[in-house]
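Peer 1: just coords:
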């Protein structure tokens with residue numbers, strides 16, 4: 001669900017070293033915890049928390065190194081990370097360029113992006129901490145927008 005956007009809304013974030021900064025003028029469309037195997041690799045063995053913004057609200061300062069791969073969902077993905085500190089910052093499904101995802105840990109204020117669901121629980125290891133208060137999907141849910 002999209003909330004009413006204040007004209008002055010500005011949500012910022014960036015990488016660990018500060019070489020990459022981003023800003024969105026729209027509220028997040030959805031935030032999901034993902035346990036797919038690719039996210040586990042990106043998250044050093046844990047899930048990732050991914051915040052979706054409309055791409056046309058998103059601006060980026062600094063250079064990201066891009067890595068393209070095919071996700072467990074079958075979607076061709078482009079992931080961006082800081083070439084200096086290695087922080088994973090963005091991801092985008094090439095079939096849905098109107099959506100930009102950022103890792104919640106890169107937000108200046110991660111409180112604005114409370115997860116709404118946990119996805120790819122079928123790929124989670126037995127020791128995964130999965131919030132029982134959130135809805136879950138065993139695999140890929142429908143697109144955010």
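Peer 2: In hand now; what should we look at? Note that the structure is a prediction, hence the values are computed from the model and not measured.
Peer 1: what's near enough to touch residue 114?
Peer 2: Residues in contact with residue 114, defined by C-beta atoms under 8 Å, 6 or more residues apart in numbering, are residue 31. Heads up, the C-betas are built off the backbone N, CA and C, glycines and all.
Peer 1: next SSE after the helix or strand encompassing residue 23?
Peer 2: Element membership of residue 23 [criterion: DSSP states H and E] is strand 21-24. As assigned by DSSP H and E, the chain's next helix or strand after strand 21-24 is strand 30-34.
Peer 1: next SSE after that next one?
Peer 2: Counting by DSSP H and E, what follows strand 30-34 is helix 37-42.
Peer 1: from the chain's centre, how far out does that following helix sit?
Peer 2: 12 Å (C-alpha atoms, centre = their mean, to the nearest Å).
Peer 1: name the helices or strands packed onto that helix?
Peer 2: strand 48-54 (3 or more C-beta pairs under 8 Å, 6 or more residues apart in numbering; DSSP states H and E).
Peer 1: check which residues of the strand holding residue 23 are buried.
Peer 2: Residues of strand 21-24 classed as buried: 21, 22, 23, 24 (neighbour count, 16 or more other C-beta atoms under 10 Å).
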